[in-house]
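Novice: fold the stuff below for me.
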Amino acid sequence: METKGTFLGPDQLAEERRALQSVLESPIFKKNPRLTSLLEHICEKYFQGEADSIKEYSIAADVFRRPETFDQTTDSIVRVEFYRLRRKLREFYETIGADQPIEIVIATGRYLPEFVKRVPDQPAADPSHAETAELVPEQTDNVPPPQIASAARNNLIARYAMMAAVCLLFAVFLWFNWPHRASVNNLSSPASTAVPALPPGPEVRILCGYSRPIFKDQNGNVWMGDRYFSGGFATELPNQHIDRTRTPQLYLTLRSGTFSYNIPLKPGTYEMRLHFAETTYSPASTLGGGENSRVFDVKLNGRPLLTQFDIVSDAGANTADVRVFKDVHPGPDGKLRLDFSGILGLPMINAIEIVPGLPHRLRPIRMVAQNSFVVDKAGNLWSPDTYFSGGQLAADKIDIGGTDDPGLYGGERYGNFSFALPVDQGTYALTLYFAEKYWGTNISKKGGTGSRVFDVLCNGIALARNMDIAKEVGPGRAYKRIFHGLHPNAQGKLLVSLVPDVNYASVDAVEVEEEEP
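Specialist: Residues are numbered from 1 along each chain as shown. I've put the predicted structure just below:
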């Protein structure tokens, strides 16, 4: 995001300073002087037009008095304190600051403050009518309430043209106020081999067919309403169950027909995820159908991306199907073009997600079987698990030994379940994290070895048979298994299944990293 040389008008500057003072003078921040100093520092840099100087090293030196020898790879103080700052900002705006006209947000993975105008709720569009008018980035009418989304501020025209998409996109809060939150004090180094740091840069998330400007999902990601399209028509669906996702709302609007998207992007390498869910041709639909009811092609910048694509065949009906592609670049005209053409039925898509990518390598997948995020010592973010089908979450509170990273073992998914992990072509390492927190512990006061036995399979091939965590390391101890050389199936997935033999299968965290060819 280009911020250097940006100047605020006097009225806007006064508004944003008042917004900052409201936060700093609140009881929530008055009893947190460390976070108060941090927020005040980055906002003053922003007000003075010095946003480009808001860097991890300078924050460590200026706010936390770290010496010149500060090494961000071994000292994660800045990332940890921003993690806490985002939580406190969320707490403020959900309680005593709920009526504030401007909300200060700090995007996950960034340190730049954004001042976002909040506007009252407006009636939602009638789901029974298809919305066909394109929403342009400048439109801020009919916005949802501030708890769900905030409209991006209408800045100076030149600045807005450059920053609107990013501002809309990065109105993110890291923490969602759910139970069994992992402690930020339980931070430690990741257990897998190091990979390149995730690159900074603009992120584009479009909720196709969505008639409002912004939707904020449960992970704090901000999705723009439908835009950059040509042709087709929009449809909004009633609430219904969508498997393999924590956010079914992503799959309850769609664009269908013969259509294209021309998405402006800065030069660079990106990773793109296309989101689909077939809700028309399914057992629950009066239309019936299934495989071979909707088949279509997708082209990226004129080249085939998905050929004879059938969502039901790919993932099943009423199931979130995420297809991911690495090494994506905009065309010579500075736009990424997606073309959808039908073979049987009408092409469709629910959502488009474009994030900065690693050249020739997929971004890692890191998930914990918890309802909240975990940050490890190296600053890696582990999100609540998704892509699952089946299983239940549990959070037995016992101390876990044998690890420097106990936060990863704060919960578990148990039962007979699977994960459909979206990956592109390549070779991958799968790391599964386990701990026996029930059998043989003070919670059950019985059992141990032989009380929980299960198999682990990937794309139908057994990776481990008769796994018994208590037998391997004993109850209450961390146990990690790494499986190398895995390849996606034809549907672009690592389909990881945990199948019980005795009692339930269980896993605490899942990590996928692409290996060197």
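Novice: pull the longest strand from this protein.
Specialist: Using DSSP state E, we find that the single longest strand of the chain is strand 253-264.
Novice: what helices or strands is that one leaning on?
Specialist: strand 204-207, strand 229-236, strand 335-344, strand 348-349, strand 351-356 (3 or more CB pairs under 8 Å, 6 or more residues apart in numbering; DSSP states H and E). Using the backbone N, CA and C atoms, a C-beta is placed for each residue, glycine as well.
Novice: Ile77 is nearest to which of those strands?
Specialist: strand 351-356 (24.4 Å; CB to CB).
Novice: could I get the CA-only coordinates of that closest one as PDB?
Specialist: Provided in PDB are the C-alpha atoms of strand 351-356 (Å, rounded to 0.1, in the frame of the first residue of the first chain):
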ATOM      1  CA  ALA A 351     -16.400 -15.700  -3.900                       C
ATOM      2  CA  ILE A 352     -12.900 -14.700  -5.300                       C
ATOM      3  CA  GLU A 353      -9.900 -14.200  -3.000                       C
ATOM      4  CA  ILE A 354      -6.600 -12.900  -4.100                       C
ATOM      5  CA  VAL A 355      -3.700 -12.500  -1.700                       C
ATOM      6  CA  PRO A 356       0.100 -11.800  -2.000                       C
END
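Novice: list the strands paired with it, with their directions.
Specialist: Strand pairing for strand 351-356, using DSSP bridges, gives strand 204-207 (antiparallel), strand 270-276 (antiparallel).
Novice: strand partners (parallel or antiparallel) of whichever helix or strand comes after the last one?
Specialist: By that I understand strand 270-276. Next along the chain after strand 270-276, taking DSSP states H and E as the criterion, comes strand 295-300. Sheet pairing for strand 295-300, assigned by DSSP bridges, gives strand 303-309 (antiparallel), strand 335-344 (antiparallel).
Novice: which stretches in the stretch 1-150 of the chain count as strands?
Specialist: Secondary structure of the stretch 1-150 of the chain (DSSP state E, counting those that start in this stretch): strands located at 102-106, 113-117.
Novice: dump those strands to JSON lines, plus mean neighbour count, mean pLDDT and distance to Lys437.
Specialist: Shown next, in JSON lines, are those (neighbours: other CB atoms under 10 Å; pLDDT from 0 to 100; distance: least, CB to CB, whole Å):
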{"stretch": "strand 102-106", "mean neighbour count": "22", "mean pLDDT": "87", "distance to Lys437": "34"}
{"stretch": "strand 113-117", "mean neighbour count": "22", "mean pLDDT": "82", "distance to Lys437": "39"}
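Novice: quick one: the ones you listed as JSON lines, columns for distance to Pro500 too.
Specialist: Listed next are those as JSON lines, based on distance: least, CB to CB, whole Å:
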{"stretch": "strand 102-106", "distance to Pro500": "43"}
{"stretch": "strand 113-117", "distance to Pro500": "47"}
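Novice: so which residues of the stretch 401-517 of the chain form strands?
Specialist: So, for the stretch 401-517 of the chain - with DSSP E, counting those that start in this stretch - the strands run 412-415, 417-422, 428-435, 453-458, 461-467, 478-486, 493-502, 505-507, 509-514.
Novice: in CSV: these, plus distance to Ala315, mean neighbour count and mean pLDDT.
Specialist: Shown next, in CSV, are these (distance: least, CB to CB, whole Å; neighbours: other CB atoms under 10 Å; pLDDT from 0 to 100):
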stretch, distance to Ala315, mean neighbour count, mean pLDDT
strand 412-415, 20, 23, 97
strand 417-422, 7, 24, 98
strand 428-435, 19, 22, 98
strand 453-458, 17, 20, 98
strand 461-467, 19, 13, 97
strand 478-486, 19, 16, 97
strand 493-502, 8, 19, 98
strand 505-507, 21, 26, 98
strand 509-514, 18, 23, 98
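Novice: can you point out the buried residues in the biggest helix by length in the chain?
Specialist: If you go by DSSP state H, the chain has its longest helix at helix 77-94. Using 16 or more other CB atoms under 10 Å as the test for burial, helix 77-94 gives 78-93.
Novice: closest one of those to Gln72?
Specialist: Here the nearest of the buried residues of helix 77-94 to Gln72, counting by CB to CB, is Val78; it sits at 7.0 Å.
Novice: what sits against that closest one?
Specialist: Contacts for Val78 (CB atoms under 8 Å, 6 or more residues apart in numbering) come out as 56, 59-60, 64, 72, 111.
Novice: winner for burial among the strands paired with strand 295-300?
Specialist: Of all the strands paired with strand 295-300, strand 335-344 has the most neighbours on average by mean count of other CB atoms under 10 Å, namely a mean of 17.
Novice: what's that strand in contact with?
Specialist: For strand 335-344, the surrounding residues in contact (CB under 8 Å, 6+ apart) are 232, 257-265, 270, 272, 292-302, 305, 308, 328-331, 347-349, 352, 354.
Novice: that one vs strand 253-264, what angle?
Specialist: Relative orientation of strand 335-344 versus strand 253-264 (axes from the mean of the first three to the mean of the last three CA atoms, to 10 degrees): 140 degrees.
Novice: put the alpha carbons of strand 335-344 into CSV.
Specialist: Provided in CSV are the C-alpha atoms of strand 335-344 (Å, rounded to 0.1, in the frame of the first residue of the first chain):
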residue,chain,number,x,y,z
LYS,A,335,-6.0,-6.6,-14.5
LEU,A,336,-6.6,-10.2,-13.6
ARG,A,337,-9.3,-11.5,-16.0
LEU,A,338,-11.5,-14.5,-15.2
ASP,A,339,-13.9,-15.7,-17.9
PHE,A,340,-16.8,-18.2,-17.1
SER,A,341,-18.4,-20.1,-20.0
GLY,A,342,-21.0,-22.9,-19.8
ILE,A,343,-21.1,-26.4,-21.1
LEU,A,344,-24.1,-27.7,-19.2
